[in-house]
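S.K.: can you look at this prediction? I've put the sequence above it.
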Amino acid sequence: MVTARSHSHPRLRSMCPGPPARILPVQAARPAAETSRRFDRQLTIPGFGVSAQRRLSQATVLVAGAGGAGVGGVGGAAATYLAAAGVGRLILIHPGDLADPAVPGLIAEADIVVDARHNFPERYLINRLCVRAGVPLVVAAMNATEAYLMVVRPGEPCLRCVFPEGDPAWEPLGFPVLGAIAGTVGCLAATEALKVVGGFAEPAVGRLVHVDLWDVDLRTPRTRRDPACPDCGPGSTP
Ligand SMILES: [Zn+2]
């Protein structure tokens, strides 16, 4: 779990509206985590190894949208499995006022951002901040039994290139949710983030991953950059 027992280093930061951002203790990778028996099983994954584990232990991942109590929902599941894999530092923003002036700095601190916000205006803001900071972004979303996922790296199609207008049916929380689907999407998002910061396997860059678990239909169409994209195009404002 991400909120765990005391630790000498404040490795998890949670931002909530109203009170100042709180820094919570968290069980996390210790400096020698890559050699810990805790990770024995994943260390044997072909192409993973000690070098990937070391990169995870040194990484900072920001999760934008981590559920009411830090667990549950897409972001909560993602954060749980990022911590379980040995990510060294997690920054959780929830419910969060993304207009907080600290947010751009927190994003710039991160090696990757996982976006599980439940409305398009906030997703666009996270997308724009990541593009401007050159920070990779994992976009994860769900709707009933459907899951959507994409990995945005600098120079690749961004969220706004692929979804330029959002979906009014989303607001406020206008889409149906099955918790097991949200957890599945969160685990998929965590996997993509681990691949990027750990430097193993092939992240879903330049593709939109769409899974309908109603009949377990998986599609990964290619995405394309929009040359006029207001977030990543040449006309975007810094
Ligand atoms: Zn774009």
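M.R.: Done, it's in.

S.K.: low-confidence ranges, the chain, go.
M.R.: 1-36, 67-72, 94-97, 167-174, 237-238 (pLDDT under 70).

S.K.: which residue would you name as the spatial centre of it?
M.R.: Taking Cα atoms, centre = their mean, the centroid of the chain lies closest to V114, which sits 1.2 Å from it.

S.K.: tell me the residues of the chain that contact the ion?
M.R.: C158, R160, C161, C229, D231, C232 (Cβ under 5 Å from the ion). In this view, the C-beta of every residue, glycine as well, is placed from N, C-alpha and C.

S.K.: again, only this time at 6 Å
M.R.: Proximity of the chain to the ion, by Cβ under 6 Å from the ion, involves residues C158, R160, C161, D226, C229, D231, C232.

S.K.: so for stretch 154-167, what gets flagged as buried?
M.R.: Residues of stretch 154-167 classed as buried by neighbour count (16 or more other Cβ atoms under 10 Å): E156, P157, C158, L159, R160, C161, V162, F163.

S.K.: can you pull the contacts of the fourth one?
M.R.: When contacts are counted by Cβ atoms under 8 Å, 6 or more residues apart in numbering, L159 is found next to D115, R123, Y124, N127, L137, V139, M150, V152, D231.

S.K.: could you dump those into TSV with distance to V61, secondary structure and neighbour count added?
M.R.: Output for these, formatted as TSV (distance: Cβ to Cβ, whole Å; DSSP: H, G, I helix; E, B strand; the rest coil; neighbours: other Cβ atoms under 10 Å):
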residue	distance to V61	secondary structure	neighbour count
D115	12	strand	28
R123	17	helix	24
Y124	21	helix	20
N127	17	helix	25
L137	11	strand	29
V139	14	strand	26
M150	17	strand	29
V152	15	strand	29
D231	21	coil	21
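
S.K.: so the residue nearest to the centre of the chain versus the ion, what's the distance?
M.R.: Distance from V114 to the ion, counting by Cβ to the ion, to the nearest Å: 18 Å.

S.K.: what do you get for V216?
M.R.: Distance, V216 to the ion, by Cβ to the ion: 30 Å.

S.K.: count of neighbours near that residue?
M.R.: 8 (other Cβ atoms under 10 Å).

S.K.: begin at 12 from now on, thanks
M.R.: Will do, 12 is the new start, and the previous item becomes V227.

S.K.: got a list of what it touches?
M.R.: No contacts exist for V227 under Cβ under 8 Å, 6+ apart.
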